[in-house]
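>>> please work out how this folds:
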Amino acid sequence: MASDDTPSTTTIAPSPTTTIAPKPTTTAAPPPTTTAAPAPTTTAAPPPTTTAAPAPTTTAGPPPTTTVAPTPTTTLAPSATTTTAAPSATTTAAPSATTTAAPSATTTAAPGVTTTAASRPTVDSFTGAPKEEDNADHLPDSLQIEAGKTVVLSWQVSNAPDGVELTDPAQSDPQKLDASTSSTEVTPQKEAQDYSLVALSGEQRSEAKTVHVSTHAEGHVYSPHAAVLPPGQPPQVNYFRAVAQGGDAAKASESLTAAPGATVTLAWEVEGDVGKLEIDNDVGDVTSKTATDGDTSGEGTIDVKLPDTGDSLKYTLTITPEDKSQSAVQATVQVTLGGDGWFEVTVSGGEGKKMSVYHEGQLVRSDVALDDKGHARVDGLPAADSYEIEVPECTLALSDEAQAPDGDSVA
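Below is the predicted model of the structure:
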């Protein structure tokens with residue numbers, strides 16, 4: 001039997017072991033991969049007549065691939081559960097759609113059609129002349145010849161491959177002449193006839209040109225035909241001048257200095273269709289004093305006495321045209337009355353003769369009478385240092401009293 005003082009043994013049952021079940025591992029499903037559908041290809045319609053260079057092709061490269069590194073693995077004590085993160089999903093962007101513009105269409109215009117119109121035939125010239133020289137000055141398209149004489153008709157044409165057609169009053173039908181012919185001879189049969197010429201090219205005919213021929217009996221004297229100016233030719237003044245009485249109008253000018261009360265000559269030349277000619281300052285109508293030279297020109301002169309007082313006087317020549325729709329035409333001349341110039345002169349051999357006085361080449365006094373000693377005094381001249389005189393068939397000899405206004409000697 002055991003002693004009562006022996007210690008008793010107690011065995012503690014081990015605590016139950018509890019094992020924590022590991023937490024379930026959750027792995028995220030990778031997000032779905034999205035691939036963008038390629039953008040539709042758009043082709044612009046080609047604009048008309050425009051060629052656009054093709055747009056460059058651009059291809060977007062895929063963006064770089066990013067891979068998330070896996071989270072490091074951690075192992076816990078037995079109670080701990082090791083969790084491993086699933087690797088992040090790799091997302092790869094689908095490559096951008098490539099858009100290529102279709103090249104624009106090239107439009108080439110067809111070359112224009114060139115149309116050349118056929119040139120019409122023309123008669124460039126058509127003239128006539130006596131075959132035998134008659135020393136008359138004939139117009140090329142109007143002749144006056146002796147009856148029975150031959151006339152040569154000549155012409156020049158353009159674009160007339162089929163020649164010309166000549167109408168001769170002496171022939172019943174027009175005469176056709178080929179393109180190589182440029183003249184022909186005719187003998188007028190009437191007192192007056194017209195020859196006409198037309199150039200030909202197939203069915204085309206030019207406008208006609210005409211040559212007129214008149215005839216006269218042998219031995220009769222006729223002047224050649226004259227050119228007739230068109231009606232309504234505007235009048236004009238070729239010149240209107242004043243000159244000392246009896247002076248040459250060709251040496252006159254539009255101004256003159258003369259003594260008060262002196263007589264001067266007004267001279268003019270006009271042309272055109274003049275209805276009436278007048279000069280003011282009591283001169284009046286001078287139409288009848290205009291000698292005509294042909295139908296449309298003429299010249300005339302008239303002597304007028306200057307006033308005894310005053311400084312200057314202006315004369316105006318006025319032309320009234322025949323055509324009432326045209327304007328009057330005027331020209332003027334200035335006459336200065338008096339002057340301080342004077343001189344005395346004795347001309348050897350000039351006894352009883354007439355003397356003319358000039359100033360700067362212009363006649364300022366004419367018909368100055370020299371006395372029986374060939375002496376004269378002339379007053380009322382333009383102030384000047386010198387004058388020129390003219391006495392037919394005489395020699396000039398100046399007297400000691402010959403002076404200009406300032407006392408200088410007269411040349």
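
>>> and E254, what does it touch?
For E254, the set of contacting residues under the criterion of CB atoms under 8 Å, 6 or more residues apart in numbering consists of 240-242, 332-334. (Each C-beta comes from the backbone N, C-alpha and C, glycine too.)

>>> got the buried residues for whichever strand or helix holds L277?
Under the assignment given by DSSP states H and E, the secondary-structure element containing L277 is strand 274-279. Neighbour-count burial for strand 274-279 flags 274, 277-279 (criterion: 16 or more other CB atoms under 10 Å).

>>> just name the shakiest helix or strand of this structure by mean pLDDT.
Within the chain, no helix or strand scores below strand 395-397, which has a mean of 55 by mean pLDDT, DSSP states H and E.

>>> now do the same contact list for L177.
The neighbourhood of L177, defined by CB under 8 Å, 6+ apart, consists of 163-166, 184.

>>> distance of it relative to E278?
Spatial separation of L177 from E278 under the definition CB to CB, to the nearest Å is 57 Å.

>>> okay, now the domains of the chain?
122-216, 236-337, 341-397 (automatic domain parsing).

>>> hey, least reliable of those domains by pLDDT?
Here the lowest mean pLDDT among the domains of the chain goes to domain 341-397, at a mean of 81.

>>> need the residues that contact stretch 272-283.
Under the criterion CB under 8 Å, 6+ apart, residues 231-236, 266, 268, 270, 284-287, 290, 296-298, 300, 302, 304, 313-323 lie in contact with stretch 272-283.

>>> drop anything exposed from these.
233, 235, 266, 268, 270, 286, 290, 296-298, 300, 304, 313, 315, 317, 319-322.

>>> restricted to strands, list the residues you listed.
When the buried ones among the contacts of stretch 272-283 are checked against strands using DSSP state E, the ones located there are 266, 268, 270, 290, 297-298, 300, 304, 313, 315, 317, 319-321.

>>> got JSON lines for those, with distance to P121 too?
What follows is those, written out as JSON lines (distance: CB to CB, whole Å):
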{"residue": "L266", "distance to P121": "57"}
{"residue": "W268", "distance to P121": "50"}
{"residue": "V270", "distance to P121": "44"}
{"residue": "T290", "distance to P121": "48"}
{"residue": "S297", "distance to P121": "39"}
{"residue": "G298", "distance to P121": "44"}
{"residue": "G300", "distance to P121": "50"}
{"residue": "V304", "distance to P121": "62"}
{"residue": "L313", "distance to P121": "64"}
{"residue": "Y315", "distance to P121": "58"}
{"residue": "L317", "distance to P121": "51"}
{"residue": "I319", "distance to P121": "45"}
{"residue": "T320", "distance to P121": "47"}
{"residue": "P321", "distance to P121": "41"}
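
>>> most widely separated two among these?
In these, the most distant members under the criterion CB to CB are S297 and L313, with 27.9 Å between them.

>>> give the pairing partners of the one helix or strand W155 maps to; include direction for each.
Using DSSP H and E, the secondary-structure element containing W155 is strand 151-158. Here strand 151-158 has these sheet partners by DSSP bridges: strand 122-130 (antiparallel), strand 183-186 (antiparallel).

>>> now the angle from the next helix or strand after the first one to strand 151-158?
Downstream of strand 122-130, the next assigned helix or strand under DSSP H and E is strand 142-146. Comparing the axes of strand 142-146 and strand 151-158 via axes from the mean of the first three to the mean of the last three CA atoms, to 10 degrees yields an angle of 160 degrees.

>>> how close does the closest residue in space to D162 that isn't next to it in sequence get to E299?
Closest residue to D162 in three dimensions, ignoring its sequence neighbours and counting by CB to CB, 6 or more residues apart in numbering: L200, at 4.0 Å. Computed with CB to CB, the distance linking L200 and E299 is 50 Å.

>>> which of those two has more neighbours?
Neighbours per residue (other CB atoms under 10 Å) separate L200 from E299, with L200 holding more: 21 against 17.

>>> and whichever strand or helix holds the more buried one, what does it pack against?
Taking DSSP H and E as the criterion, L200 maps to strand 192-201. Counting by 3 or more CB pairs under 8 Å, 6 or more residues apart in numbering; DSSP states H and E, the packing neighbours recorded for strand 192-201 are strand 122-130, strand 151-158, strand 164-167, strand 209-216.

>>> ok, 10 Å please
In this structure, strand 192-201 makes packing contacts with strand 122-130, strand 151-158, strand 164-167, strand 175-177, strand 183-186, strand 209-216, judged by 3 or more CB pairs under 10 Å, 6 or more residues apart in numbering; DSSP states H and E.

>>> sheet partners, orientation included, of the fourth one?
According to DSSP bridges, strand 175-177 has the following sheet partners: strand 164-167 (antiparallel).

>>> quick one: contacts of the strand it pairs with?
Residues lying outside strand 164-167 but in contact with it, judged by CB atoms under 10 Å, 6 or more residues apart in numbering, are 121, 123, 126, 153, 155, 157, 173-179, 181-182, 184, 186, 194-200, 205-206, 208, 210.

>>> equivalent analysis for stretch 308-316, please.
Counting contacts by CB under 10 Å, 6+ apart, the residues outside stretch 308-316 that touch it are 240, 242, 255-262, 264, 266, 278-281, 283, 304, 306-307, 330-338.

>>> just the buried residues of those.
Counted by 16+ other CB under 10 Å, the contacts of stretch 308-316 give 240, 242, 255-259, 262, 264, 266, 278-279, 283, 304, 306, 331, 333, 335, 337-338 as buried.
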